[in-house]
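**Q** give me a 3D structure for the following:
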Amino acid sequence: MTSAALRRQPDCDPRADADRCAAVLPENPDCTLNVHFGQLLGVDDLRALQGFHLGQARRHQRALHGHGVVTGFAVSVESTPDEVDRAELRVSPGHALDDGGRDLLLSEPQCLSLSRWWAARLLEKDPDYAEFWGRTHARLTLEVVVSYATCLSEPVPAIADPCQRQASDIAYARVCETARLSLRRVAPAGEAEAELPPTGPLPSPLPDDRAGWVAWLAGLPPDAPPGANPNAEAAEATPPVVLARLHGVAFTQVDGQWQASVDAVDMAVRPLLLSTATLQRVLLPGLATPPAVGGPLPLAEGSSASGASVTLVFSQPLAPASVALTAFAVTQFDAAAAAGAGWHSHAVTAVAYAEPDGVPTATLTLAAAVQAGQPVRITLQGSGPTPLMGANGLPLGAPEAQADGRSLSITLT
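**A** Down below sits the predicted model:
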C-alpha cells in the first residue's frame, strides 16, 4: 500500500473551497464496462466501471438497510473548564447511512463552541435567525445532523483545457467521502416542525411470538422498488441524518460576549440501524424455532395418588367441559405372590378441574383408597369420540393442529 493511501482523509470547508467540495461520484448499478482486447478507454468508461460497484452497494444499502445511525455519534454538551457558561457541543466518531444509501463516517470526535457558532450566525446575518438580529437574548431548539460530503485531494499536473490557452493545469487525483456535521433550527411552535424521516409503524404491543411477528411483517405496505438513487447527482438533495435534538438552547450576551447553555440533549429522535448480529442475538432465541403446537400432556411432577384421591397436573390448560369420568381409568398393581395379585381397577366416582396458581390440575375421587407403596396407573383418553381436550382445541397428546390425540398413561408410586 502506498503512503498516499495511508494519508488522513482531507477536510474541506465548503465556504472557503467550494470547488474541492463539489465532487460527485458516479452511480450506475445496471451497467459496467465490457473489457476487450485493444479497447480504447476514456473518462466515461472508467466512471462506468467505478459507478457500477458503487451504485450496487448503495442500492443494496437503501433497499435492505434504510437510513439511520449504525454506531457511535454520541452527542453531549459540556461546559469548557475555563468558561463555565460557554457550552461546547461534542460529537463522537460514528457511522451512519443516509437516505441515498451512502456511508457517513466520522473517524474523529468533533467539538463546537455554541456561543461562537451563535455569534457567527448573527455576524453573517443568517436568515434562519433573522428575528434575533440585534437582540441580546435568544432561546430556541436545534438539531444536530450529519450529511454526506466529498472532498477532492491529491493535486497533480494535468493536461490543460486548450480553449483556455494554458500549457498545464492542476487536477485532483482522489475523491474522498466524508461526513459533515451541522446545526439546524427546529421551527418554533405554531410552525411546521422539522420532521424526522418515517421509520414505519411498530405494533403495539410488540408481538412476543413468531406467528405475531410474521403477521405484522406481512401487513406492512410494500416498499418502493430498489431503483436508482434519485439524489445521486446532488448531495444536498438527500436529507441529513438527525443525531440529536437540543432543547432549551439559550444564548445571552454579557459584556459584549455571548454565553450559551442547553437544557437537555435528546438522542431518542435519531433513526437507528441495528446490526444483523444484534438482531440475531435479540430475536433468534424466541423466533428461530417455532414453538410446538400440540395437545396437553400429563406431567409426573406435581401429580400424586394418596388415599381415595388422585391429583393430575397437565402441561397446559384443559377445556373444562371435556374433563369427564369417562376420560379416566385408574388401576393399581399388587405385587404379592398370593392369589389375586396383579392389576386391580379403581372406580372413579367424581372428577374436578381447576387451575390453582395457574397450574392446570384434575382431581379424581375413587370409590376406595389405593394401597400405599404400590404403583398406581392412570390412563387418559385422548382419542375416540370423547377425548380430553386442551383449551387450545387440540385433544390430549395431539402432536400438532389437525392431528388426532392419543390415549396416554402415567404411573404414580
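
**Q** just give the closest residue to L152, not the sequence neighbours.
**A** Y172 (3.6 Å; CB to CB, 6 or more residues apart in numbering). (C-beta placed from N, C-alpha, C; glycine too.)

**Q** show me the contacts for the one you found.
**A** By CB atoms under 8 Å, 6 or more residues apart in numbering, Y172 lies in contact with 20, 23, 152-156.

**Q** and the longest strand anywhere in the chain, which residues are buried?
**A** Assignment by DSSP state E gives strand 137-158 as the longest strand of the chain. For strand 137-158, burial by neighbour count (16 or more other CB atoms under 10 Å) applies to 138, 140-153.

**Q** what pairs with it, parallel or antiparallel?
**A** strand 169-185 (antiparallel), strand 241-254 (antiparallel) (DSSP bridges).

**Q** avg pLDDT for that strand?
**A** When pLDDT is averaged along strand 137-158, the result is 89.

**Q** returning to what we had before: deepest in the core, which of the strands paired with strand 137-158 is it.
**A** Mean neighbour count (mean count of other CB atoms under 10 Å) peaks for strand 241-254 among those, with a mean of 19.

**Q** tell me which helix or strand comes right after it.
**A** strand 257-261 (DSSP states H and E).

**Q** okay, now the unreliable bits of the stretch 1-150 of the chain?
**A** Across the stretch 1-150 of the chain, the ranges flagged by pLDDT under 70 are 1-22, 80-85.

**Q** where do the strands sit along it?
**A** 68-72, 75-80, 83-91, 94-97, 103-106, 110-113, 137-158 (DSSP state E, counting those that start in this stretch).

**Q** between those strands, which one is nearest to S322?
**A** strand 68-72 (51.7 Å; CB to CB).

**Q** how far does stretch 371-383 stretch from one end to the other?
**A** 30 Å (CA to CA, to the nearest Å).

**Q** give the buried residues for that stretch.
**A** Quick answer for stretch 371-383 (16+ other CB under 10 Å): 375-376, 378, 380-383.

**Q** among the contacts of Y172, which two are most distant?
**A** Taking CB to CB, no two of the contacts of Y172 sit farther apart than A23 and V156, at 14.9 Å.

**Q** let's have the strands of the stretch 1-150 of the chain in TSV, adding distance to A319.
**A** Formatted as TSV, these follow (distance: least, CB to CB, whole Å):
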stretch	distance to A319
strand 68-72	48
strand 75-80	56
strand 83-91	60
strand 94-97	52
strand 103-106	57
strand 110-113	65
strand 137-158	57
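
**Q** right, and the ones you listed - which one's nearest S303?
**A** Of all those, strand 68-72 comes closest under CB to CB, at 52.5 Å.

**Q** contacts only, for F251.
**A** 114-115, 118, 132, 137-139, 258-260.

**Q** can you map out the strands along the stretch 301-413 of the chain?
**A** 309-314, 328-334, 342-346, 348-354, 361-366, 376-380, 408-412.
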